[in-house]
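Trainee: Provided below for reference: sequence and predicted model.
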Amino acid sequence: MSKKKAFALRLNEDMLKAIEKWASDEFRSTNGQIEWILMQALKEHNRVPKNKSDKNKSD
């Protein structure tokens, strides 16, 4: 698994509350839910980053 990097994310209060509720409904942390949402968007638009280990397999 790739290394995780922390950064500040600013969201309006209503959006954050909606994400927190969604996360709770899915038994995820708020951070985990945001990561899941972002990964779904990347998959939908065919922009999922390749793993470094996958790159080494083709060498």
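Mentor: Looks like it came in fine. Note that this is a predicted model, so its numbers are computed, not measured.

Trainee: Helices of the protein, residue ranges please.
Mentor: According to DSSP state H, the chain carries its helices in the segments 13-25, 30-44, 52-57.

Trainee: now the ones you listed as TSV including distance to Lys3 and mean pLDDT?
Mentor: Every residue, glycine included, has its C-beta placed from N, CA and C. Converted to TSV, the helices of the chain look like this (distance: least, CB to CB, whole Å; pLDDT from 0 to 100):
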stretch	distance to Lys3	mean pLDDT
helix 13-25	23	98
helix 30-44	14	97
helix 52-57	10	58
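
Trainee: Indicate which one of those helices is closest to Lys5.
Mentor: Proximity to Lys5, assessed across the helices of the chain by CB to CB, is greatest for helix 30-44 (11.9 Å).

Trainee: mind listing what's buried in that closest one?
Mentor: 33-34 (16 or more other CB atoms under 10 Å).

Trainee: from the chain's centre, how far out does it sit?
Mentor: Centre-to-centre, helix 30-44 and its host chain are 3 Å apart (CA atoms, centre = their mean, to the nearest Å).

Trainee: again, but for stretch 6-19
Mentor: Using CA atoms, centre = their mean, the offset of stretch 6-19 from its chain centre is 13 Å.

Trainee: can you list contacts of that stretch?
Mentor: 30, 33-34, 37 (CB atoms under 8 Å, 6 or more residues apart in numbering).

Trainee: Ala23: which of those residues is nearest?
Mentor: Here the nearest of those to Ala23, counting by CB to CB, is Gln33; it sits at 3.5 Å.

Trainee: For the closest residue to Glu26 other than its chain neighbours, give me its contacts.
Mentor: Leaving aside its chain neighbours, Glu26 sits nearest to Gln33 (6.6 Å; criterion: CB to CB, 6 or more residues apart in numbering). Shown in contact with Gln33 (CB under 8 Å, 6+ apart): 19-20, 22-23, 26.
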